[in-house]
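Participant: Okay, here's the prediction I keep looking at, along with the sequence it came from:
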Amino acid sequence: MTQEKVDLVRSNPAYKATKKMVFSEVPDMNFLQIDGKGNPDKSMEFQDAIEALYAISYGLKFMVKKGDIGIDYHVAPLEGLWWAKDMNDFRSGKKDNWLWTLMIMQPDFITGSMIAEAKYYATEKKDLAALHKMRFSKFAEGTSAQVLYTGPFDKEHDTILALHEFIKSNGYELHGKHHEIYLSDMRRTAPEKLRTIIRQPVKK
């Protein structure tokens, strides 16, 4: 009998975004995370982080499917938090000074021991340069504004500014890091077709 796949994204209201800007209550979720620095367009550190996150996320998926839990699920999309020590560097596009956290959301039934096992098997198959930097932790954002953007990353700026204006016009302030959720695989999708949720946590 074929197992039905659980879609972690479609079943989570926090991942439902349209071209209309909206506020959403983002629940606490568990993530595999890797921190880094530098220009994502040319940084090997950035590519290494993506490789490690996908390797462990897919390793966990196959472990769960074949194990006692017996659930088949879609691996959640890659996400990124972005900032800089001097936020003027972030706003002006000085990418070499950007700081980032790449992450992939994990189901509630994933445990630390399962991740340790997935890491062990992953290292037997391949040398993952960023694996030692990976952590597993809960991430909380709460009330956030978000919008679905389609197009190349380098042209997001106007949409980000519009989202910030939407936040301020509704009586909120920016609170927390700029957050992007990559619904498209950036390694295989043409820039003009990339679909990205742009999210910004807020406070009154």
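Facilitator: Received it, and whenever you're ready, just let me know what you need.

Participant: Quick one: the strands in the protein, in order.
Facilitator: Counting by DSSP state E, the chain forms strands over residues 5-7, 22-26, 29-37, 72-74, 78-83, 99-106, 135-139, 142-150, 173-174, 178-182, 195-203, given from the N-terminal end onward.

Participant: for the record, mean pLDDT for the shortest one?
Facilitator: Read that as strand 173-174. With pLDDT averaged residue by residue, strand 173-174 scores 96.

Participant: Tell me which helix or strand in the protein has the weakest average pLDDT.
Facilitator: Per-element confidence for the chain was summarised using mean pLDDT, DSSP states H and E. The lowest value among helices and strands belongs to helix 87-91, with a mean of 82.

Participant: returning to that earlier point: worst average pLDDT in the strands of the chain?
Facilitator: The stretch with the lowest mean pLDDT among those is strand 5-7, which comes in at a mean of 86.

Participant: Determine how far that one lies from the middle of the whole chain.
Facilitator: Average the C-alpha atoms of strand 5-7, do the same for its chain, and the two points are 18 Å apart (C-alpha atoms, centre = their mean, to the nearest Å).

Participant: Stretch 189-204 too?
Facilitator: 10 Å.

Participant: For that stretch, which outside residues touch it?
Facilitator: Counting by C-beta atoms under 8 Å, 6 or more residues apart in numbering, stretch 189-204 makes contact with 15, 17, 23-24, 26, 141-153, 156, 159-160, 163-164, 167, 171-184, 186, all of which sit outside it. For every residue, glycine as well, the C-beta is placed using N, CA and C.

Participant: and what of stretch 163-172?
Facilitator: Counting by C-beta under 8 Å, 6+ apart, 21, 23, 143, 145-147, 173-174, 198, 200, 202-204 sit against stretch 163-172.

Participant: Same question for stretch 92-104.
Facilitator: Residues from elsewhere that reach stretch 92-104 (C-beta under 8 Å, 6+ apart): 31-41, 46, 49-50, 53-54, 57, 75-86, 89-90, 139, 157, 177.

Participant: ok so, going back, mind picking the two most distant members of the contacts of stretch 163-172?
Facilitator: Checking those against each other with C-beta to C-beta, the farthest-apart pair comes out as Ile198 and Lys204, at 21.0 Å.

Participant: who has more neighbours, those two?
Facilitator: When Ile198 is set against Lys204 and neighbours are counted by other C-beta atoms under 10 Å, the residue ahead is Ile198, at 20 against 8.

Participant: What residues are bridge-paired with the more buried one?
Facilitator: With beta bridges defined as DSSP bridges, Ile198 has these partners: Val147, Glu180.

Participant: In the protein, which helix is the longest?
Facilitator: Looking only at the chain and at elements set by DSSP state H, the helix with the highest residue count is helix 44-66.

Participant: Export only the CA atoms of that helix, formatted as CSV.
Facilitator: Output of helix 44-66 as CSV, limited to C-alpha atoms (Å, rounded to 0.1, in the frame of the first residue of the first chain):
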residue,chain,number,x,y,z
MET,A,44,31.3,28.4,-0.8
GLU,A,45,30.2,28.6,2.8
PHE,A,46,26.7,29.4,1.7
GLN,A,47,26.6,26.4,-0.8
ASP,A,48,28.1,24.1,1.9
ALA,A,49,25.3,25.1,4.3
ILE,A,50,22.6,24.3,1.7
GLU,A,51,24.1,21.0,0.9
ALA,A,52,24.3,19.9,4.6
LEU,A,53,20.8,21.1,5.4
TYR,A,54,19.3,19.2,2.5
ALA,A,55,21.4,16.1,3.2
ILE,A,56,20.2,15.7,6.8
SER,A,57,16.6,16.8,6.0
TYR,A,58,16.3,14.1,3.3
GLY,A,59,18.1,11.6,5.5
LEU,A,60,15.6,12.2,8.3
LYS,A,61,12.7,11.8,5.8
PHE,A,62,13.8,8.4,4.7
MET,A,63,14.6,7.3,8.3
VAL,A,64,11.1,8.2,9.3
LYS,A,65,9.4,6.6,6.3
LYS,A,66,11.3,3.3,6.9
